[in-house]
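Enquirer: Got a predicted structure plus its sequence, pasted below:
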Amino acid sequence: MMKKLILLISLLVTISTVGLHSQTNNAQELIEEGVSLHDEGEYEEAIERYNEALELDSTLINAVYEMSLSYLALKDFENASIYSTDVINSDNEALAIGAYAVKSEALAEMDSVDKAIEILHEGLERFGDDYLLNFNLAINFFKTGDIDKTLQFVKKAIDLDKSHSGAFLLYAYALSDKGLWVQSILSFQMFLLLEPDTRRSKNAFDEMLQLMCIKKSEEPVERSFIQQQMSRRSATEPTDNTPPLSVENGLNRSYVYEAITNSLDSLINSGEEVSEFTTFKTVNMEIMKVLDRESVGPREGIFWTFYIPFFSHIAHSSYYDAFTRYISVSYFPESFEWWEQNPESAINFVMWFENGDDN
């Protein structure tokens, strides 16, 4: 009798364990379905899947995290804040960093930018330096108009991870607003290398052309990260459209401006009709020549040790034409046509950019 009882208990435990595994597997499948629906823009349906998964297993914190993302996408910032808080309070450190970013964005959208900044600082204290937390801090300081703090945290984000295009775009905006227009031009180009063909790429290229004095516009350029449009003009920029020309970070910017104006005058006086793309390519090369010349000798700072060597290497390579086509593909129709007509050259440039000279 005792043996039969033991066998019965063992059988019940086995059945129970199998049932739990089956429920967990079903719940994970529902989460995966929800993620796919979210990626397709079906946010409400995604939330339904996450709720179904939580009914099967209430401990699945990844379902809660994914739900916070879907509520954020729906602009239901109250629920995004609630569910991201649940993730932050959980023991899942891997998801908590993302949850801090979700909660900070939800708070900022509810006009609580100061609270958003506070919660991100909490995340940094808890986890140490992290790209996402620093980047989101930079965004929130940018929204408040604190350019110095924006630069501080976006530079830290870039130091931690140089693979994210958004950080370079925000850096370009902040540098421009600070009056550091030469540095801004190079940061715009780094962004465009990483993200060449989106709507914000086109707007970024437009703003960069204005910094390069190639294009003039009375209308402000639409920017990312903020709801309102902003002019590129900084508070220190003269009103005659001449950019700041003082020596900054060891760079005499009057040399760069002189190279730009001389190049533009030469193109105008050539007697030939010159396209805006050719103007951009020519002016950009002249800027790089000046920066090359000025970088001789011991220099410190990311502008001298990373940006200038990086873009100088491209300028002196056989890929410079492909590079200018690549970063302008969202802006110039002829660049888009070039990429369609020269797929092998396009692929070779991308491979060279990703793998370096050795490959």
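Expert: Thanks, I have it.

Enquirer: For the stretch 51-200 of the chain, just list every one of the helices.
Expert: 61-73, 77-88, 93-109, 113-127, 131-144, 147-160, 165-177, 181-194, 199-211 (DSSP state H, counting those that start in this stretch).

Enquirer: need those helices in TSV with mean pLDDT and mean neighbour count, can you?
Expert: The way it works is simple: take the backbone N, C-alpha and C, and place the C-beta from them, glycine included. Shown next, in TSV, are those (pLDDT from 0 to 100; neighbours: other CB atoms under 10 Å):
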stretch	mean pLDDT	mean neighbour count
helix 61-73	95	23
helix 77-88	96	20
helix 93-109	94	21
helix 113-127	95	18
helix 131-144	96	23
helix 147-160	96	20
helix 165-177	97	25
helix 181-194	97	24
helix 199-211	96	21
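
Enquirer: Can you convert these into a markdown table and add a column each for distance to residue 303?
Expert: Formatted as a markdown table, the helices of the stretch 51-200 of the chain follow (distance: least, CB to CB, whole Å):
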| stretch | distance to residue 303 |
| --- | --- |
| helix 61-73 | 35 |
| helix 77-88 | 36 |
| helix 93-109 | 28 |
| helix 113-127 | 25 |
| helix 131-144 | 18 |
| helix 147-160 | 11 |
| helix 165-177 | 9 |
| helix 181-194 | 5 |
| helix 199-211 | 15 |
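
Enquirer: so which of the ones you listed gets nearest residue 34?
Expert: Nearest to residue 34, of all the helices of the stretch 51-200 of the chain, is helix 61-73, at 5.9 Å by CB to CB.

Enquirer: and residue 298, which of the three is it?
Expert: Residue 298 falls in the coil class when you classify it by DSSP: H, G, I helix; E, B strand; the rest coil.

Enquirer: can you count the residues close to it?
Expert: By other CB atoms under 10 Å, the residues close to residue 298 number 5.

Enquirer: okay, it: pLDDT?
Expert: At residue 298, the model reports a pLDDT of 82.

Enquirer: and what of the one 4 residues further on?
Expert: pLDDT, the model's per-residue confidence, is 88 for residue 302.

Enquirer: Then residue 359?
Expert: The predicted structure scores residue 359 at 52 on the pLDDT scale.

Enquirer: how about the helices of the stretch 51-200 of the chain, which one is nearest residue 254?
Expert: Closest among these, using CB to CB: helix 181-194, at 10.9 Å.

Enquirer: For that closest one, which outside residues touch it?
Expert: Where contact means CB atoms under 8 Å, 6 or more residues apart in numbering, the residues beyond helix 181-194 that reach it are 163-166, 168-169, 171-173, 175-176, 201, 204-205, 207-208, 211-212, 243-244, 249, 251, 253, 256, 287, 291, 303, 307-308, 310-311, 323, 326-328, 353.

Enquirer: just stretch 70-79 next, same as before
Expert: Stretch 70-79 has contacts (CB under 8 Å, 6+ apart) with 34, 38, 41, 43-44, 46-47, 50, 67-68, 80, 83, 102, 105-107, 109-110.

Enquirer: rerun at 7 Å
Expert: Residues from elsewhere that reach stretch 70-79 (CB atoms under 7 Å, 6 or more residues apart in numbering): 38, 43, 46-47, 80, 83, 102, 105-106, 109-110.

Enquirer: likewise stretch 349-359?
Expert: 193, 319, 322-323, 326.

Enquirer: about what we covered before: to residue 299, which of the helices of the stretch 51-200 of the chain lies closest?
Expert: Residue 299 lies closest to helix 181-194 among the helices of the stretch 51-200 of the chain, at 13.3 Å (CB to CB).

Enquirer: Residue 174 - nearest residue in space that isn't next to it in sequence?
Expert: The shortest distance from residue 174 to any non-neighbouring residue, by CB to CB, 6 or more residues apart in numbering, is to residue 150 (4.4 Å).

Enquirer: cool, and residue 123?
Expert: residue 100 (3.7 Å).

Enquirer: Would you map the strands across the stretch 251-359 of the chain?
Expert: For the stretch 251-359 of the chain, applying DSSP state E, counting those that start in this stretch gives strands covering 251-252.

Enquirer: got the end-to-end distance for stretch 153-173?
Expert: Distance between the boundary residues of stretch 153-173 (CA to CA, to the nearest Å) amounts to 14 Å.

Enquirer: Adjust the sequence numbering to begin at 18 for everything that follows.
Expert: Sounds good: first residue 18 from here, last item stretch 170-190.

Enquirer: shaky segments in the stretch 218-367 of the chain?
Expert: Along the stretch 218-367 of the chain, the parts satisfying pLDDT under 70 run over 235, 243-257.
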